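In: The sequence and its predicted three-dimensional model are supplied below.
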Amino acid sequence: MVHTVEEYAALLHCPRIQVDKVYSRATNILAHPDTKKKVDVFALSIYGLVIFPKALGHIDEAVTDLFDQLDRRVTPVPVILAETFRSLSTCRRTGEGRFIGCAQLLLAWFHSHFWKVDKVSYRVFFENYSSLKELAATPRRDDITEERWMAILQNLQDEDVEWKAPWMMLDEILYRCEDFDWVTLLGIWGPVRYTPLLVLRQYRSRQFIPTAQGLAQCEFSYKGNNYRRKIREMSNTWKQIHRMKRFTVGAMTTPEYYEWWSKRTNDNIPKPNHENS
């Protein structure tokens, strides 16, 4: 499973992503002559500390650029997703570290897929429905230890997962840019490749073996030589986005996918350390 553009857009109650409103040239908000921009610094501090808490008590300059773009109605979803993927990948690779991203959104997404619900609220069909408000009002268990969570996640079965979030209402899926089998997400500190075809089951579509070759080759930080050219090239791919209608025919997975998946090792979650117990 993975967080998707459509899911985060629904959680944030964003309208359907428009191609010309995904990425926009940034300006220096702190040096802007407009008084309103300077007043916005207070809101910026909240935005930076909650969404992108890179340094405790400090706002990264890159966050100020993104905050300025929001005033031009540029959607923050791809940026938030990119930094979520990058941070989770770093924590997994190193086996430790602090998550640098919006933990509140991540928790809302997590509960939507791993907390079974008896029935779906009729309010999801209303235009002003807020899935975040609904999730915030839902009782949560806070008595489960970290070790217990790790054991639960390591032993998940298909029937334990809510593949499609109950508040997701969509007919089309963004699945590629240009002729690539992925979508490049530009974060505020670096890019990452995102492949919706890996998680078609989250859209109630039939899952087949995805193409994942070359995904890791995109990751780099915004520094060094030629990184601006790379950013420009990646931004341009969003000028040719492709969507497909979701479809479900028969089983949710192909036989080939199940065989491919069964050969993979579930090493995403570190095993509990019992040395000191």
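Out: Cool, got the structure.

In: For this protein, which segments count as helices?
Out: All helices of the chain, identified by DSSP state H, fall at 5-11, 35-51, 61-70, 77-94, 103-114, 131-136, 146-154, 227-236, 255-262.

In: Comparing those helices, which yields the minimum mean pLDDT?
Out: Note on the helices of the chain: lowest mean pLDDT is at helix 35-51, with a mean of 53.

In: gap between Met252 and Glu233?
Out: Here the criterion is Cβ to Cβ, to the nearest Å. By it, Met252 lies 36 Å from Glu233. For the C-beta atoms, the positions are set from N, CA and C on the backbone; glycine is no exception.

In: So for the two, which residue has more residues nearby?
Out: Each of Met252 and Glu233 has its neighbours counted (other Cβ atoms under 10 Å); Met252 has more, 16 against 11.

In: Could you find the closest non-adjacent residue to the more buried one?
Out: Arg201 (5.5 Å; Cβ to Cβ, 6 or more residues apart in numbering).

In: quick one: contacts for that neighbour?
Out: Trp163, Lys164, Gln207, Met252, Thr253 (Cβ atoms under 8 Å, 6 or more residues apart in numbering).

In: Dihedrals phi and psi, the nearest residue to His113 once chain neighbours are set aside?
Out: Distances taken as Cβ to Cβ, 6+ apart place Glu162 nearest to His113, at 5.0 Å, with adjacent residues excluded. With angles defined as degrees, to the nearest 10, Glu162 sits at phi -90, psi 90.

In: Quick check, pLDDT for Glu162.
Out: Reported pLDDT for Glu162: 81.

In: does His113 really touch Pro166, like I thought?
Out: No. In this structure, His113 is not within contact of Pro166 by Cβ atoms under 8 Å, at 9.6 Å.

In: and Leu156, what does it touch?
Out: Phe114.

In: how much space between it and Glu162?
Out: Relative to Glu162, and taking Cβ to Cβ, Leu156 is found at 11 Å.

In: Touching both of those two, which residues are there?
Out: With Cβ under 8 Å, 6+ apart as the test, Leu156 and Glu162 both reach Phe114.

In: before we move on, the earlier item: for the helices of the chain, which one sits closest to Ile173?
Out: Closest approach to Ile173 among the helices of the chain is made by helix 5-11 (7.0 Å; Cβ to Cβ).

In: elements contacting that closest one?
Out: Where contact means 3 or more Cβ pairs under 8 Å, 6 or more residues apart in numbering; DSSP states H and E, helix 5-11 is packed against helix 77-94, helix 103-114, helix 131-136, strand 172-177.

In: Those: which one's closest to Trp261?
Out: Here helix 103-114 is closest among the helices and strands packed on helix 5-11 (Cβ to Cβ), at 17.2 Å.

In: now that closest one against helix 146-154, angle please.
Out: Counting by axes from the mean of the first three to the mean of the last three Cα atoms, to 10 degrees, helix 103-114 lies at 50 degrees to helix 146-154.

In: Just name whatever secondary elements helix 103-114 is in contact with.
Out: helix 5-11, helix 77-94, helix 131-136.

In: one more time with 10 Å
Out: Using 3 or more Cβ pairs under 10 Å, 6 or more residues apart in numbering; DSSP states H and E, the elements in contact with helix 103-114 are helix 5-11, helix 35-51, helix 77-94, helix 131-136, helix 146-154.

In: which of those is buried the deepest?
Out: Of the helices and strands packed on helix 103-114, the one with the most neighbours on average (mean count of other Cβ atoms under 10 Å) is helix 5-11, at a mean of 23.

In: Alright, I will stop here.
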